[in-house]
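Engineer: fold the stuff below for me.
(3 chains)
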Amino acid sequence: MFELILFLILLVLGYGFGRWAEKRHYRSIIEREKTLNRLPAIASRIPPEKGRYRQTLVMGNTVISVDYFKRFLAGLRNLFGGRVTAYETLLDRARRESLLRMKEQAAGMNAEMVFNVKYETASISKGRRDTIGSVEVLAYGTALIPEPASASDQD
Amino acid sequence: MEYRNTQPPEGINVSHTHPLKELVLLLGGAILIIVVLSLVLSHSMGYLARFIPFEKEVALTRDLDLGSETPPALQRYLDALTARIGRAMELPPGMRLQVHYSNDATLNAFSTLGGHLMLYRGLLEKMPNENTLAMLIAHEVAHVKHRDPIRAIGSGAALQILLALTIGRTNADVLANAGSFTLLSFTREMESAADAAALQTLDRLYGHVGGATRLFEVINKARDGMELPAFFSTHPLDEQRIRALREMATANGWPLKGPLTPLPAGYRGWLATRSP
Amino acid sequence: MLISNMEHIPGKRITEHLGLVQGSSVRAKHVGRDIMAGLKNIFGGELKGYTELLQESRDEALGRMLQQAEAAGANAVMNVRFSTSSVAQGAAEIYVYGTAVTVE
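Structural biologist: Numbering: from 1, shown residues only, chains lettered A, B, ... in the order given. Next up, the predicted model:
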């Protein structure tokens, strides 16, 4: 009985806080995406032919965990199969947040664009029962920082 | 070549079903599956448990210690009464009954695996005559005859296995838990069947079923104002039981009234004695 | 819509890079399939249920990426990469991403 009550409390808390945190996170993601939109992130390997650029590796990572409610939902979904909607926002948020962090790092270096962007996803608590599923997403790429014309003669 | 970022619209990579709606759908489905499965499992296990030989039950409960604080005179009387009831009920050969008595104020009586019956002082004190006492013992003997304890344990074990499979949480080992022999809960069908068998036995023993319904009146009255003992919680409501018993007696032509056999002279004294 | 995992599209010239587009899909198979797969693990052989599951997921993820590319006004997606990760027990995510471009 005590376990059941604890479970319900966790479920309600997870639902309330999870939704609140998710909304807040999305708002911040959308806002920052707008401001960083001037910095293109490109998945191609070949950099533009024109212009001289200094190159640096930039990266951003995020570990996000799913709330108790969604984990329960995903567990139920496992019984029936189909699209696990509970985990969709988790991954979406982690990817966009990681890309934003990478872009923020690049923007801090006055980069013009980030090339050869790649993602790496790892599930941290994979396969463990009774733990909350959490994922790490790493976004990395090469920032192209325009070199001033005078400096271009060196190096 | 031009490089620029486009902002993809929101919501392509996430679905729009409301999580609560999904929860209701999934939970409903899961509960339905579990209910159907557990019904099927517990019924089939309860049915199959009947085929476990009674000797196995006896062997299982060999180490069961139900206490032996019975005053010898009371033990002799209860043994004799139970033996008569067993004969009247035509127990299958090899089904031995053992009566135990507990000097405890608990308003309770139960039967468990291996033909063990347990009677508490609290309930025995309330018995107005032998017919009512016989009804009580016959009810418990009927459970043994119908193999209710092993069926209850069978379905209980089935449910636990199912629970362990679905939720993944095992309550340690299934058998150890099912082994709490004294806390068996019988279904209402089992209780009604035991009532019916007990009533028939009473008619065979005394030629009438007088005093039978007194048992439930006694329990009902004693229960007023005190908390419900767990044992009685699955028993059908007393008024319904009394009515069902009356209807059954009339249908079978068993006289509802007749001379009641008094309890032996020393009965109250035996109950009061402290155990040796 | 042209989808390619190459840097260049032979015979075509890229006029515009429109940034990253991505699609993802998380799916699970019902327990029956999981049980069957458990049995197959004993005897070996193809796990048809899971092959199907991952293929469905991949199709959905691709579809979602294309949706994003269309919204960006692209007519091709280049340098496409797939990645698979198991997020939780029994649920796999397929993730596909690439660069949305316009080609002549």
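Engineer: chain A contacts on chain C?
Structural biologist: C:7-8, C:17, C:19-20, C:22, C:24-31, C:33-34, C:53, C:60, C:78-79, C:81, C:83, C:85-91, C:93, C:95, C:97-99 (Cβ under 8 Å from any Cβ of the partner chain). Backbone N, C-alpha and C define where each C-beta goes, glycine included.
Engineer: how about chain B?
Structural biologist: Counting by Cβ under 8 Å from any Cβ, chain B sits next to chain A at B:1, B:3-5, B:7, B:10, B:13-15, B:17, B:19-20, B:22-23, B:26-27, B:29-30, B:33, B:168.
Engineer: which of these are close to chain C?
Structural biologist: Within the residues of chain B next to chain A, those near chain C by Cβ under 8 Å from any Cβ are B:1, B:3, B:4, B:5, B:13.
Engineer: hmm, the third one is touching residue C:20, no?
Structural biologist: No: using Cβ atoms under 8 Å as the test, residue B:4 is too far from residue C:20 to be in contact (12.0 Å).
Engineer: residues of stretch A:18-36 that come out buried?
Structural biologist: For stretch A:18-36, burial by neighbour count (16 or more other Cβ atoms under 10 Å in any protein chain shown) applies to A:18, A:19, A:22, A:26, A:29, A:32, A:33, A:36.
Engineer: ok, now which ones touch the third one?
Structural biologist: Yep, that's residue A:22 we're talking about. A:89, A:93 (Cβ atoms under 8 Å, 6 or more residues apart in numbering or on different chains).
Engineer: what is the mean pLDDT for the helix or strand harbouring it?
Structural biologist: Residue A:22 is part of helix A:2-35, with elements assigned from DSSP states H and E. Across helix A:2-35, pLDDT averages out at 91.
Engineer: so after it, what's the next helix or strand?
Structural biologist: Heading C-terminal from helix A:2-35 (DSSP H and E), you reach strand A:53-65.
Engineer: partners of that following strand, with directions?
Structural biologist: strand A:134-146 (antiparallel) (DSSP bridges).
Engineer: tell me the buried residues in the partner strand?
Structural biologist: A:134, A:135, A:136, A:137, A:138, A:139, A:140, A:141, A:142, A:143, A:144, A:145.
Engineer: got the residue ranges for the strands in chain C?
Structural biologist: Secondary structure of chain C (DSSP state E): strands located at C:2-3, C:14-29, C:76-88, C:91-103.
Engineer: same question, chain B
Structural biologist: B:2-3, B:98-102, B:109-112, B:116-120.
Engineer: JSON lines please, covering these and showing mean pLDDT and mean neighbour count.
Structural biologist: Rendered in JSON lines, the data for those read as follows (pLDDT from 0 to 100; neighbours: other Cβ atoms under 10 Å in any protein chain shown):
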{"stretch": "strand B:2-3", "mean pLDDT": "80", "mean neighbour count": "16"}
{"stretch": "strand B:98-102", "mean pLDDT": "86", "mean neighbour count": "21"}
{"stretch": "strand B:109-112", "mean pLDDT": "85", "mean neighbour count": "23"}
{"stretch": "strand B:116-120", "mean pLDDT": "87", "mean neighbour count": "22"}
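Engineer: show me the one of these that comes nearest residue A:90.
Structural biologist: Residue A:90 sits nearest to strand B:2-3 of all the strands of chain B, at 30.3 Å, using Cβ to Cβ.
Engineer: which secondary structure elements does the closest one contact?
Structural biologist: In terms of contacts (3 or more Cβ pairs under 8 Å, 6 or more residues apart in numbering or on different chains; DSSP states H and E), strand B:2-3 is packed against strand C:14-29.
Engineer: okay, buried residues for the strand it packs on please.
Structural biologist: Quick answer for strand C:14-29 (16+ other Cβ under 10 Å): C:14, C:16-29.
Engineer: also stretch B:10-22?
Structural biologist: B:12, B:13, B:14, B:15, B:19, B:22.
Engineer: let's see it as CSV, backbone CA atoms only.
Structural biologist: Extracted as CSV, the C-alpha positions of stretch B:10-22 are listed here (Å, rounded to 0.1, in the frame of the first residue of the first chain):
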residue,chain,number,x,y,z
GLU,B,10,8.5,22.8,-34.5
GLY,B,11,6.9,19.4,-33.9
ILE,B,12,8.3,17.3,-36.7
ASN,B,13,10.3,15.1,-34.5
VAL,B,14,7.8,14.8,-31.7
SER,B,15,4.3,13.4,-31.6
HIS,B,16,1.4,15.4,-30.5
THR,B,17,-0.6,12.8,-28.5
HIS,B,18,-1.3,14.1,-25.1
PRO,B,19,0.7,12.0,-22.6
LEU,B,20,-2.3,11.6,-20.3
LYS,B,21,-4.4,10.2,-23.1
GLU,B,22,-1.7,7.8,-24.0
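Engineer: and the contacts of that stretch?
Structural biologist: A:15, A:19, A:30, A:69-70, A:73, A:77, A:83, A:85-86, A:88-89, A:91-92, C:22-24, C:64, C:67-68, C:71.
Engineer: longest helix in chain C, by residue count?
Structural biologist: helix C:48-72 (DSSP state H).
Engineer: relative to strand C:14-29, how tilted is that one?
Structural biologist: 150 degrees (axes from the mean of the first three to the mean of the last three Cα atoms, to 10 degrees).
Engineer: does any bit of the lowest-mean-pLDDT helix or strand in chain C sit next to chain B?
Structural biologist: Taking mean pLDDT, DSSP states H and E as the measure, the helices and strands of chain C show their lowest mean at helix C:31-43, namely a mean of 75. No: counting by Cβ under 8 Å from any Cβ, no contacts exist between helix C:31-43 and chain B, the nearest distance being 9.3 Å.
Engineer: list the buried ones in that helix?
Structural biologist: In helix C:31-43, counting by 16+ other Cβ under 10 Å, buried: C:31, C:33, C:34, C:37.
Engineer: pLDDT below threshold where in chain A?
Structural biologist: By pLDDT under 70, the weakly predicted segments of chain A are A:125-133, A:149-155.
Engineer: quick check: closest non-adjacent residue to the residue of it found nearest chain C.
Structural biologist: In chain A, the residue that lies nearest chain C is residue A:81 (3.5 Å; Cβ to the nearest Cβ). Excluding the flanking residues, the one nearest residue A:81 by Cβ to Cβ, 6 or more residues apart in numbering or on different chains is residue C:30, at 3.5 Å.
Engineer: could you give the number of residues near the one you found?
Structural biologist: Residue C:30 sits with 15 neighbouring residues when counted by other Cβ atoms under 10 Å in any protein chain shown.
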